[in-house]
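In: Turn this into a model:
(one chain, ligands or ions: 1)
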Amino acid sequence: MSDKISSDKIPVTVLTGYLGAGKTTLLNRILSEEHGRKYAVIVNEFGEIGIDNDLVVGADEEVFEMNNGCICCTVRGDLIRIIEGLVKRRGKFDAIIVETTGLADPAPVAQTFFVDQDVAARTKLDAVVTVADAKWLSERLKDAPEAKNQIAFADVILLNKTDLVTPEELEEVVGRIRAINPYARLHKTQRAAVPLAEVLERNAFDLDRILTLEPAFLEEDDHDGHDHHHHDHEHGENCGCGHDHHHEHEHAHGHHHHGGLKHYHDEHMQSVSIVIPGDVNPDRFLPWVNDLVQRDGPNILRSKGILSFRGEPRRFVFQGVHMIIEGDLQREWKPDEKRDSRIVFIGRDLDEKAIREGFLACAA
Ligand SMILES: Nc1nc2c(ncn2[C@@H]2O[C@H](COP(=O)(O)OP(=O)(O)OP(=O)(O)O)[C@@H](O)[C@H]2O)c(=O)[nH]1
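Out: Down below sits the predicted model:
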């Protein structure tokens, strides 16, 4: 759309991208850079225990967590309430960034800024920014409809992790992205390094383009947080979606309808979150987690944790995407912070019992 951001509307950037693509890396870059702007950040995480929000830098930024479901279905009501709260405190910040879970379909999130009248009157969707993992995107386009929708809806795409692929592989992924979305601005990045002006306050969201993709985009939503229609799917036990769970396991992707808007969701994704209320022993934990991701890496799409090691004043943070894991000691535990050890694994067909027992055996 060509209309200018009217000065009384708060610009909103929706940051999306599949599990582990680099959304938090980009967010931290935005929040750490000297730009003289103040952002309110809303983070939605898949899995019950908040880890992501704890990994977002900038203690003076306001970070709102939404952990009890997926932003595109059950917690949309929360999103609306948080935004309405923020709008009342206008002037304390310049813009809003919403980081969705890797499993969110961006369409219903973007739709919120048009069909909810109060939100639409006060905010302006500036752009959908999608971070894509150069190494894994092609695989996900085959088995995860959300990943495809994240690309289709993007106004700006960061094709990240270019260090993990060859130039030929990179061009192949670019071709796949372009076949889905020829319009978005595309940046090839490492560690989501991109000039922020390429990402923020671009006034890039193009409603006309979205309406050709999703003719029902502006249809009034019947959604009240619970009551959308479910079609041909069952939820996995730990899908985190917040709906009634049935114990059947059909291997198909489901979609919900929000008003007339189709909404894809991977119903087989599970998350296993475990907390040890104290220290873990690194000599047990590190070999265990390495073995686990080497063995089950294809099914473990994402893993992360914040751990307390005995006698170590700093938090150990580990992050994994399939079998690639990284870990390091980061900031010190704060005096008033509870020193516990939390991990989450997100994937398909996870052996929850074995993972739980394995982690608990790492307690110091
Ligand atoms: N090799 C490599 N690793 C990267 C790059 N960008 C990010 N990572 C790593 O990829 C992992 C996931 O990055 P995040 O920024 O947490 O990804 P995310 O999209 O926020 O993940 P979820 O919110 O869990 O979906 C971390 O271990 C990052 O350090 C990159 O360009 N190259």
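
In: Quick one: end-to-end distance for stretch 116-135.
Out: End-to-end distance of stretch 116-135: 37 Å, with Cα to Cα, to the nearest Å as the criterion.

In: Enumerate the residues of the chain near the ligand.
Out: 17, 19-25, 52, 102, 131, 160-161, 163-164, 190-192, 302, 319, 321, 326 (Cβ under 6 Å from any ligand atom). C-beta coordinates here come from the backbone N, C-alpha and C atoms, glycine included.

In: Buried subset of those residues as a ChimeraX selection?
Out: Filtering these down to the buried ones (16 or more other Cβ atoms under 10 Å) takes a single ChimeraX command:
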select :17,19,20,21,22,23,24,25,52,102,131,160,161,192,302,319,321
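
In: Let's see which of the residues of the chain next to the ligand end up in strands.
Out: Val131, Asn160, Arg302, Gln319, Val321, Glu326 (DSSP state E).

In: farthest pair in those?
Out: Val131 and Glu326 (16.8 Å; Cβ to Cβ).

In: quick revisit: so which of the ones in strands among the residues of the chain next to the ligand would you say is closest to Ala184?
Out: Closest to Ala184, out of all of these and judged by Cβ to Cβ, is Val131, at 12.0 Å.

In: Starting from the host helix or strand of Val275, tell me which strands it pairs with and how they run.
Out: Using DSSP states H and E, Val275 falls within strand 270-276. Applying DSSP bridges, strand 270-276 is found paired with strand 341-347 (antiparallel).

In: Let me see the contact set for the residue nearest to Asn281 when sequence neighbours are not counted.
Out: Take Asn281 and drop its neighbours on the chain: the residue closest to it by Cβ to Cβ, 6 or more residues apart in numbering is Ala364, 4.2 Å away. With contact taken as Cβ atoms under 8 Å, 6 or more residues apart in numbering, Ala364 is in contact with Gly278, Asp279, Val280, Asn281, Phe309, Arg310.

In: What's the ChimeraX syntax to select whichever of these are buried?
Out: One line in ChimeraX is enough to select the buried members of the contacts of Ala364, burial here meaning 16+ other Cβ under 10 Å:
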select :279,280,309
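
In: any chance of the contacts of Ala364 in CSV, with pLDDT too?
Out: Below are the contacts of Ala364 laid out as CSV (pLDDT from 0 to 100):
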residue, pLDDT
Gly278, 96
Asp279, 97
Val280, 97
Asn281, 96
Phe309, 96
Arg310, 92
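
In: Give me the pLDDT for the spatially most central residue of the chain.
Out: The centroid of the chain falls nearest to Thr101 when counting by Cα atoms, centre = their mean (2.5 Å). Note on Thr101: pLDDT of 82.

In: buried stuff in stretch 183-198?
Out: Ala184, Arg185, Leu186, His187, Thr189, Ala192, Val194.

In: Run through the strands of the stretch 201-350 of the chain in chain order.
Out: 229-231, 254-258, 261-265, 270-276, 300-307, 314-321, 324-332, 341-347 (DSSP state E, counting those that start in this stretch).

In: Over to the stretch 51-200 of the chain?
Out: Along the stretch 51-200 of the chain, counting by DSSP E, counting those that start in this stretch, strands occupy 62-66, 95-99, 123-133, 156-160, 185-188.

In: Now the third one - C-alpha only, CSV.
Out: In this case it means strand 123-133. The C-alpha trace of strand 123-133 is given here as CSV (Å, rounded to 0.1, in the frame of the first residue of the first chain):
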residue,chain,number,x,y,z
THR,A,123,-1.7,0.5,15.0
LYS,A,124,-0.4,-0.1,11.6
LEU,A,125,1.1,-3.3,10.4
ASP,A,126,4.4,-2.1,9.0
ALA,A,127,5.8,-5.3,7.6
VAL,A,128,6.0,-9.0,8.0
VAL,A,129,9.7,-9.9,8.3
THR,A,130,10.5,-13.5,7.8
VAL,A,131,13.8,-15.1,8.8
ALA,A,132,14.6,-18.2,6.8
ASP,A,133,17.2,-20.8,7.6
